[in-house]
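>>> Pasting the sequence and the predicted model now:
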Amino acid sequence: MIAVRLRGLVKRFGTTLAVAGVDLDIPAGSFYGVVGPNGAGKTTTLSMATGLLLPDAGTVHVHDVDVWRRPQDAAPLLGVLPDGLRLFDRLTGPELISYAGLLRGMDRDVLAARRDDLVAALDLGSAGSTHVGDYSAGMTKKVALACALVHAPRVLVLDEPFEAVDPVSATAIRGILRGFVATGGTVVLSSHVMALVEQVCDHVAVVAQGRVLAAGPLDEVRAGQDLETRFIDLLGGARERTELSWLRPSSG
Ligand SMILES: Nc1ncnc2c1ncn2[C@@H]1O[C@H](COP(=O)(O)OP(=O)(O)OP(=O)(O)O)[C@@H](O)[C@H]1O
């Protein structure tokens with residue numbers, strides 16, 4: 001069963017072809033990593049896959065629901081942690097989670113119980129009545145993740161979920177995501193940290209210049225190498241380094 005099916009996705013920004021025809025099948029129950037260099041088109045692809053950015057061409061299906069034709073049916077299936085998300089700065093973390101649940105039309109009692117569970121699981125309680133606008137980058141990531149989880153979606157799409165998150169919280173998040181996948185959920189995440197992708201993901205897609213260079217089960221894609229080496233191979237080898245000869249304290 002396919003959880004997310006992307007076909008022929010294209011997006012241009014002016015003269016920049018950010019996504020140049022992406023086809024991808026993300027199996028249900030997989031922990032899927034999307035990796036690629038800066039500017040590869042990961043964020044643009046995930047934004048189109050989750051109904052946040054209108055594609056110029058192509059289709060997106062989440063559990064056979066066409067995201068762009070039936071957004072109301074697709075929304076309950078999806079939990080999204082977008083890149084650079086703007087949150088309501090004047091709410092506390094728990095208020096923001098409640099707000100996300102109310103927008104989803106959740107029952108208030110169910111919502112209150114889940115909000116408390118999420119605050120405990122993601123260690124957000126220590127922030128007390130601090131407004132989200134005053135949160136650290138890692139705390140912001142965690143509260144945004146809580147908002148993506150509160151309605152118990154079937155597919156989670158997370159843009160750089162571990163960025164700026166401390167190791168203790170990262171372990172907690174990994175545990176939550178692994179439990180979600182173990183019970184039939186699907187996680188799609190983008191990351192620059194190959195070691196993390198190798199540790200948590202069972203499938204991976206390598207994206208560059210808006211195209212998928214390789215995709216499938218992790219072991220197939222890395223083909224006996226570690227993911228970082230394979231990634232650099234796929235991208236045509238490490239770029240030649242420009243020597244910054246002026247940046248040598250000893251030469252001055
Ligand atoms: N709103 C926008 N307007 C103009 N160009 C954009 C916009 N969003 C993305 N781009 C361009 O599209 C290309 C793909 O960007 P995208 O953010 O999808 O890459 P990414 O793989 O997520 O990169 P990173 O790893 O650096 O976050 C880049 O060339 C970027 O400059």
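Done, it's in. Numbering: from 1, shown residues only.
>>> What segments of the stretch 51-200 of the chain are strands?
In the stretch 51-200 of the chain, the segments counted as strands under DSSP state E, counting those that start in this stretch are 57-62, 65-66, 78-81, 155-159, 186-190.
>>> Quick one: closest of these to the ligand.
strand 186-190 (6.6 Å; CB to the nearest ligand atom). Glycine gets a C-beta too; all of them are placed from N, C-alpha and C.
>>> Now the closest one: average pLDDT?
For strand 186-190, mean pLDDT is 97.
>>> Can I get it as CSV, trimmed to CA atoms?
The C-alpha trace of strand 186-190 is given here as CSV (Å, rounded to 0.1, in the frame of the first residue of the first chain):
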residue,chain,number,x,y,z
THR,A,186,4.1,6.7,7.8
VAL,A,187,6.9,9.3,8.5
VAL,A,188,8.5,11.3,5.7
LEU,A,189,11.3,13.6,6.8
SER,A,190,13.9,15.7,5.2
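>>> what lines up beside it in the sheet?
Applying DSSP bridges, strand 186-190 is found paired with strand 31-35 (parallel), strand 155-159 (parallel).
>>> Specify the angle between it and strand 57-62 in degrees.
For the pair strand 186-190 and strand 57-62, the angle between their directions (axes from the mean of the first three to the mean of the last three CA atoms, to 10 degrees) equals 140 degrees.
>>> Residue 246: helix or strand, and which one exactly?
For residue 246, there is no helix or strand it lies in under DSSP states H and E.
>>> In JSON lines, list the strands of the stretch 51-200 of the chain along with mean neighbour count and distance to the ligand.
Supplementary listing: those in JSON lines, determined by neighbours: other CB atoms under 10 Å; distance: least, CB to the nearest ligand atom, whole Å:
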{"stretch": "strand 57-62", "mean neighbour count": "19", "distance to the ligand": "15"}
{"stretch": "strand 65-66", "mean neighbour count": "16", "distance to the ligand": "22"}
{"stretch": "strand 78-81", "mean neighbour count": "23", "distance to the ligand": "13"}
{"stretch": "strand 155-159", "mean neighbour count": "24", "distance to the ligand": "7"}
{"stretch": "strand 186-190", "mean neighbour count": "25", "distance to the ligand": "7"}
